[in-house]
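Peer 1: Next come a sequence and a model predicted from it.
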Amino acid sequence: ICDERRGTHLKGLIDHIPLDKIMIETDAPYLIPRTQKLKNSQRNEPKFLPYVAQEIYKNSNKSKELINSSMYLNSLNFFGL
């Protein structure tokens, strides 16, 4: 979703993802989010997750709080925490 060369078609699909299924990742160490101008960054890292989340907020009709809480709970369930 953060790469206009291959993620543009995904933006319209975000609200079709069930909230109990949504999770994000960074493709680390590859594919730095192209939606941001990140100085001195040559590799992708988990610290860039907020940039991925920001693209989801921008392309969703759901609130940031609802998306965040859903992603958090889904990650806990996924990892059995």
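Peer 2: Alright, I've got the coordinates.
Peer 1: Can you tell me the element the residue positioned nearest the centre of the chain falls in?
Peer 2: Taking C-alpha atoms, centre = their mean, the centroid of the chain lies closest to Val52, which sits 3.4 Å from it. Using DSSP states H and E, Val52 falls within helix 49-58.
Peer 1: What's the first helix or strand after that helix?
Peer 2: Past helix 49-58, the next helix or strand by DSSP H and E is helix 64-78.
Peer 1: can you give me how far that following helix is from the chain middle?
Peer 2: Distance of helix 64-78 from its chain centroid, counting by C-alpha atoms, centre = their mean, to the nearest Å, is 12 Å.
Peer 1: wait, isn't Asp20 in contact with Ser70?
Peer 2: Yes. In this structure, Asp20 is within contact of Ser70 by C-beta atoms under 8 Å, at 6.9 Å. For the C-beta atoms, the positions are set from N, CA and C on the backbone; glycine is no exception.
Peer 1: And the two? Which one has more around it.
Peer 2: More neighbours surround Ser70 than the other of Asp20 and Ser70, with 18 against 9 (other C-beta atoms under 10 Å).
Peer 1: separation between the residue lying closest to that one once chain neighbours are set aside and Pro46?
Peer 2: Using C-beta to C-beta, 6 or more residues apart in numbering and skipping the chain neighbours, the partner closest in space to Ser70 is Leu19 (4.2 Å). According to C-beta to C-beta, to the nearest Å, Leu19 and Pro46 sit 22 Å apart.
Peer 1: pLDDT score for the nearest residue to Ser60 once chain neighbours are set aside?
Peer 2: Excluding the flanking residues, the one nearest Ser60 by C-beta to C-beta, 6+ apart is Ile14, at 4.8 Å. You'll see Ile14 listed with a pLDDT of 92.
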